[in-house]
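**Q** A structural model of the following input is requested.
(2 chains)
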Amino acid sequence: MEKSKYLEGVEKKDLFAHGHRACGGCGQALAARLVADAAGENTIACVATGCLEVFSSPYPDPAWRIPFLHSLFENAAAVASGVEAAYKALGKGPVNIIAQGGDGSTADIGFQSISGMFERGHNVLYVCYDNEAYMNTGVQRSSFTPYGARTTTTPMGNRTRKKNMPMIAADHGIPYVATATVDDFRDLQKKVQKALAIEGPKYVHILAPCPLGWGHHGELTVEVCRLAKDTGLFPIYEIVDGKITNVRKIPVKVPVEEYLKVQGRFKHLFKRGVPSEEVAEIQEIANQNIERFNL
Amino acid sequence: MDKLPLGLALDLRKVIPYQTGSWRTLLPVNIMQTPPCTHACPAGNDVRGFLRTLAEQKDYEAAWHVLSRTNPLPATCGRVCPHPCEEGCNRRDFDSAVAINSAERAVGDYGLEENLEHKKLIAARKEKIAVIGSGPAGLSCAFHLAKRGFKVKIYESHGEPGGMMRYGIPSYRLPNYILRQELENILKLGIDLECNIKVGVNIPMDQLMQNYDAVFLGIGAQKGLTIDIPGEDTKNVYTGVEFLREVNSGKYVSVGKDVVVIGGGNTAMDCARVAKRLGANVSVVYRRTRMEMPAITAEIDEAMEERIMFRYHTNPVKIISDDDKVVGILCVQMELKEPDASGRARPVPIPGSESVIPADTVILATGQAVDYDGIEVQKRDGKWVSTSEELMTNVDGVFAGGDVVLGLETVSAAIGQGTRAASAIEDYIDGSVESRLSRPPVIYSKDLNTYYYQKKRRFQKEALPIHMRLKHFKELYPPLDPEAIIDESERCFSCGQCFNCGNCFMYCPDNAVKISPKTGLYEFDLDFCKGCGLCAKECPCHYIQMTLEK
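**A** Residues are numbered from 1 along each chain as shown, chains lettered A, B, ... in the order given. Prediction:
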């Protein structure tokens, strides 16, 4: 079979190969492969501790087919900065350096090293796989956990709103920030490639559903992403040199209930099918996003 | 062995990846299902097959070969079929059905233009089959038998082959040259044709049964029925079949100024529209309403566009004649009461509501029957031939199909019956049991993931404007644009069959969907598939389904 005409401009090289230990339907495994394939062979992955590192790197059969560096939870960006500096010092390259981490290592534990990397202006792409909690250690709340979501540390539902990391990254004055989800692989790979072509620190934020922590069936991973986009809870945009561009318009707006109902972590918001006040609050968050980004 | 880097005990290139397939409880499988178009098609055409061939290869010739596997008359069906396939199309729930009928016509026309020939499946066999009647049922039966190597001879009672397609369908719907070309193409398979032979009259049926291994009876319903009203035997009173036969034989029929057609079926619509083209004012008299008319909706619409007058709730009582010439018809108004056995409302006359409609010609299109002259088979309801499941009549070795069995049905239904009868005749001669396979289950729109399809406007064929239609018998729909048809074929959802969208390939988190080096198709690497079901969920056409692990 020649390459499908529907897959034009999409890369599939299996640089993140089969045999990893992710759960069935893992959004992060899918995202990691899409990112690795988009970046190509000439790439070094620096991965923070987290699910991705745990399921993809056990010796002797790691899933990575590109050089892979495991760091601590808090310093993936710092290690990537060091790799970049070493390449510069040795006069080698060019090479794509991608620091990767989950939401915990991006927004909480590793925030200082990312901020430092952005501020120092290293030529590194930071990819955040956002699954909205510490899934690896057993679904604890992170600062990316959305309002109302149940985790093991917020059994009655999270009371705070999600940290807006893309905006924080953009406010460092870095040249490129983008958000993407795993359901639109074209868009995701295009953004990774676009980022790698730009000199300086870059940040790509990918929504990667976790069937275990979010409480949905593995087959719904893509569907959940689609709902997150179409409700307005996860806006898709790029920030190039401080300006928001390429905002994805929602074709048909979907009420947030549809997104919440397919996930077990929001189940407590519906008492016998009747939505509680928190649902209205979540709808308000979606509406604010829609207004802010003109979705 | 190369020296390993410091700290490594094993060469990673020689490690077999951990086989996560053992986690699986559900197994993805590729299941080819029957699309609703094929399910709805009485002839069993591979609609999805020819549309996908058009869309992917943009190759009309390949599409013609796919289509003509089941249907020997694509150009004809593309013109006259009421396309139940489009009623079934899953795309109706999304935007609007694919214009299958137009695509069929375009493909059929291409076959005629390029003189494409049917291929024989197997070399010659010695058994001989007689087919009585060269209508769609007989032709289809002869076609499928000839493809399987049988020696087939068709007996036709009229001067030219084609049955009702030749003598019943007016040429503005089906031009004669199209039918003739398709017929010649079928006969090229080595089928003998003898015209002007009426079996049962010119040769006895017994002789055929002695000389041939099997006989197929596809004589249709060629006799027009009348409704038993006074004055029926007046000159200028025709039955619908008679009238159409006269006109289609090229005879000049003088209809006068006013024509009244009685009946609401397809024959009535054809008669009315033919009479209109002969220059008359036409009214159709029907005792129920449009809702109950058995004619194809599009035919009624087109008749209305052509300013044919419809009188509903009206029943003829008597044909009034003066000097053995029709001058009018006495009618009575009806009202509808509770449904009768056919499920349609039962009309009851209103006393004192009689009126006279002036008429120079009256056409009674009130039903047809089989002309059983010299043919003796068991019947049901005294009208149609009763057959077994395998379409065999009570006489051993005599099969029947088409209108003669079904009652008044469409060309495609007759083709379907001919196809079935051909299989049954082959089984009968080989002495084997049912060789046909049952079809896989039908796929409905609730099974599809329509997110991946784009809304697109349906192809609309353009009829000639009214003022250009009524002066002649030229075809109503001019030839279709082949490019537009290819665009239209891309609208096909390909229900139940992979169309290489690549979703499973891209979405599998475990890279367990591979392109098979042997077949070039997507296949599952079961050593690594964890059975999450993402591929099945995101498969637009429900070709991938999850089943229980064995």
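**Q** what ranges does chain A have for its strands?
**A** Using DSSP state E, the strands of chain A run over residues A:43-47, A:68-70, A:96-102, A:125-130, A:176-181, A:202-207, A:238-240, A:243-245, A:270-271, A:274-275.
**Q** TSV for these, including mean neighbour count, mean pLDDT and distance to residue B:323?
**A** All C-beta spots, glycine's among them, are computed from the backbone N, C-alpha and C. Converted to TSV, the strands of chain A look like this (neighbours: other C-beta atoms under 10 Å in any protein chain shown; pLDDT from 0 to 100; distance: least, C-beta to C-beta, whole Å):
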stretch	mean neighbour count	mean pLDDT	distance to residue B:323
strand A:43-47	24	94	100
strand A:68-70	18	92	105
strand A:96-102	29	94	100
strand A:125-130	27	95	95
strand A:176-181	26	96	86
strand A:202-207	26	96	89
strand A:238-240	19	95	90
strand A:243-245	12	93	89
strand A:270-271	12	88	85
strand A:274-275	13	88	84
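**Q** among those strands, which comes closest to chain B?
**A** Closest of the strands of chain A to chain B is strand A:68-70, at 10.9 Å (criterion: C-beta to the nearest C-beta).
**Q** what helices or strands is the closest one leaning on?
**A** strand A:43-47 (3 or more C-beta pairs under 8 Å, 6 or more residues apart in numbering or on different chains; DSSP states H and E).
**Q** run through the chain and note the low-pLDDT ranges.
**A** Assuming you mean chain A. Counting by pLDDT under 70, the low-confidence segments of chain A come to A:1-3.
**Q** to clarify, I was referring to chain B.
**A** Scanning chain B for pLDDT under 70 picks out the ranges B:1-2, B:12-13, B:434-437.
**Q** closest point of it to chain A, which residue?
**A** Taking C-beta to the nearest C-beta, chain B has residue B:17 as its residue nearest chain A, at 2.7 Å.
**Q** need the nearest residue in space to that residue, chain neighbours excluded.
**A** Of all residues not flanking residue B:17 in the chain, residue A:19 sits nearest, at 2.7 Å (C-beta to C-beta, 6 or more residues apart in numbering or on different chains).
**Q** how many neighbours does that neighbour have?
**A** Residue A:19 is flanked by 20 other residues according to other C-beta atoms under 10 Å in any protein chain shown.
**Q** return the distance of it relative to residue B:117.
**A** Residue A:19 sits 53 Å away from residue B:117, going by C-beta to C-beta, to the nearest Å.
**Q** residue boundaries of the helices in chain A?
**A** For chain A, the helices defined by DSSP state H cover A:27-39, A:51-56, A:76-90, A:103, A:111-120, A:165-170, A:185-196, A:211-214, A:221-231, A:256-261, A:277-293.
**Q** and among those helices, the most buried is which?
**A** The highest average neighbour count among the helices of chain A, using mean count of other C-beta atoms under 10 Å in any protein chain shown, belongs to helix A:27-39 at a mean of 28.
**Q** and the angle from it to strand A:43-47?
**A** Using axes from the mean of the first three to the mean of the last three C-alpha atoms, to 10 degrees, the direction of helix A:27-39 lies 150 degrees away from that of strand A:43-47.
**Q** I figured residue B:357 hits residue B:328, correct?
**A** Yes. Counting by C-beta atoms under 8 Å, residue B:357 does reach residue B:328; the two are 6.0 Å apart.
**Q** tell me the residues of chain B that contact chain A?
**A** Counting by C-beta under 8 Å from any C-beta of the partner chain, chain B comes close to chain A at B:9-10, B:12, B:15-20, B:23-24, B:451, B:500-502, B:505-512, B:515, B:520-522, B:525, B:528, B:530-534, B:536-538, B:546.
**Q** show me what contacts residue 294?
**A** In the absence of a named chain, chain A is used. Counting by C-beta atoms under 8 Å, 6 or more residues apart in numbering or on different chains, residue A:294 makes contact with residue A:247.
**Q** could you do chain B instead?
**A** By C-beta under 8 Å, 6+ apart, the neighbours of residue B:294 are B:264-266, B:408.
**Q** max pairwise distance over these: which two?
**A** The span of these, defined through C-beta to C-beta, is set by B:264 and B:408 at 12.2 Å.
**Q** higher neighbour count, the two?
**A** Per other C-beta under 10 Å, whichever of residue B:264 and residue B:408 has more neighbours is residue B:264, with 24 against 17.
**Q** how near is residue B:208 to residue B:194?
**A** Taken as C-beta to C-beta, the span from residue B:208 to residue B:194 is 12 Å.
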